[in-house]
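J.: My questions are about this predicted structure, shown below with the sequence.
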Amino acid sequence: MQLFSRKVGEGQPFVVLHGVFGSSDNLFTVCKKIAEAGFEVHILDARNHGQSPRSEEFSYEVMAADLNEYLVANNLNNPIILGHSMGGKTVMTFAQHYNNFSKIIIVDIAPRFYPTHHDHILAGLAAIDLEKITSRKEAEDIFSGYVSDFGEKQFILKNLYRTEEGGFDWRINVPVISKEIYQIGGEIILDKKVDKPALLVRGSESSYVTDADFEYFRSSFVNAELQTIDGANHWVHATKPVEFVEAILKFSA
């Protein structure tokens, strides 16, 4: 699948993958800072997200294959590859099957299984009838009945856009993501030893990555480091962008 991407900067290739319900827009600000340090940063939209194509196939295996296809099509050799949340699990899967990278950076996600915890978001998305709403405000009012956190609400609703015909549509494939959401939390089997450098970044206010998770991660990625960003939650790049970029650049040097 030919993925949509945004490119910024010049230099060593650096590829970035977002999380579920996200897009390349979400990480663009920090990616500009990374690019300023001498990197050519490619920020991808995963399948069924953003401006990339849609498909009934939605698994970490096919997303890792999409990533490989992108690297080949763009002649990117041994890039640094970073993935947040769902993107992090995609990068882990990629590193278990492909060798075309110099370093990997996993942001606030572990290889283990996570129980589904997006039911409120999916219910809110299902409650918005795109054929009936006439404004973003109307969609936000409906969605607020399911998602109360302001940041989370704005993050999801960023996917709502006005079509050329004057109606509304989503930049995410809501039916497929809803159907496959259990798989997004699925375990990544790490049965290959990888000796290339790896960095696992976590937020101190997030519960996604425990010390035990890191030990399991390091059992496969044997040259792995753990970096905890104080005061950051699961959205490390959004809550502590300066500290996040500093950690990324130090590891990538």
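T.: Cool, got the structure.
J.: CA only for contacts and neighbour counts going forward, please
T.: Will do.
J.: need the helices for the stretch 51-200 of the chain, in chain order.
T.: In the stretch 51-200 of the chain, the segments counted as helices under DSSP state H, counting those that start in this stretch are 60-73, 86-97, 119-127, 136-144, 150-157, 174-184.
J.: out of those, which comes closest to residue 190?
T.: The minimum distance between residue 190 and the helices of the stretch 51-200 of the chain falls on helix 86-97, with 6.9 Å, by CA to CA.
J.: Can you give me the buried ones in that closest one?
T.: By neighbour count with 16 or more other CA atoms under 10 Å, helix 86-97 contains the buried residues 86-96.
J.: how about low-confidence regions in the stretch 1-150 of the chain?
T.: The model of the stretch 1-150 of the chain has no residue with pLDDT under 70.
J.: quick one: the strands in this structure?
T.: Taking DSSP state E as the criterion, the chain carries its strands at 5-8, 12-17, 39-44, 80-84, 103-107, 160-162, 168-170, 198-203, 224-229.
J.: nearest to residue 233, of the helices of the stretch 51-200 of the chain?
T.: Taking CA to CA, helix 150-157 is the member of those nearest to residue 233, at 12.0 Å.
J.: mind checking how far that closest one is from the chain centre?
T.: Between the mean C-alpha point of helix 150-157 and the mean C-alpha point of its chain there is a distance of 16 Å (CA atoms, centre = their mean, to the nearest Å).
J.: which one of the helices of the stretch 51-200 of the chain is the most hemmed in?
T.: Across the helices of the stretch 51-200 of the chain, averaging neighbours per residue (mean count of other CA atoms under 10 Å) puts helix 86-97 on top, at a mean of 24.
J.: Which other helices and strands does that one contact?
T.: Other helices and strands packing on helix 86-97, by 3 or more CA pairs under 8 Å, 6 or more residues apart in numbering; DSSP states H and E, are helix 60-73, strand 80-84, strand 103-107.
J.: got a markdown table for these, with distance to residue 24 too?
T.: A markdown table is the format used below for the helices and strands packed on helix 86-97 (distance: least, CA to CA, whole Å):
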| stretch | distance to residue 24 |
| --- | --- |
| helix 60-73 | 14 |
| strand 80-84 | 11 |
| strand 103-107 | 15 |
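J.: Please name whichever of these is nearest to residue 52.
T.: Proximity of the helices and strands packed on helix 86-97 to residue 52 was assessed by CA to CA; the nearest stretch is helix 60-73, lying at 10.7 Å.
J.: who are the neighbours in contact with the residue nearest to residue 38 when sequence neighbours are not counted?
T.: Ranked by CA to CA, 6 or more residues apart in numbering and with sequence neighbours excluded, the top spatial neighbour of residue 38 is residue 11, at 5.1 Å. Under the criterion of CA atoms under 8 Å, 6 or more residues apart in numbering, the contact list for residue 11 reads 38-40.
J.: In contact with the residue nearest to residue 120 when sequence neighbours are not counted, which residues?
T.: In space, not counting the residues next to it along the chain, residue 120 is nearest to residue 146; the distance is 5.6 Å by CA to CA, 6+ apart. For residue 146, the residues meeting the contact criterion (CA under 8 Å, 6+ apart) are 120-121, 123-124.
J.: Break this protein into its domains for me.
T.: Using automatic domain parsing, the domain parsing of the chain gives 5-114+186-252, 119-181.
J.: Residue 15 is in contact with residue 81, correct?
T.: Yes: the criterion here is CA atoms under 8 Å, and residue 81 meets it with residue 15 at 4.7 Å.
J.: What is the burial count for residue 75?
T.: Applying other CA atoms under 10 Å, we find 10 other residues in the vicinity of residue 75.
J.: Starting from residue 175, give me the distance back to it.
T.: The span separating residue 75 from residue 175 equals 33 Å under the rule CA to CA, to the nearest Å.
J.: ok, now residue 196?
T.: Plainly put, residue 196 is 37 Å away from residue 175 if you go by CA to CA.
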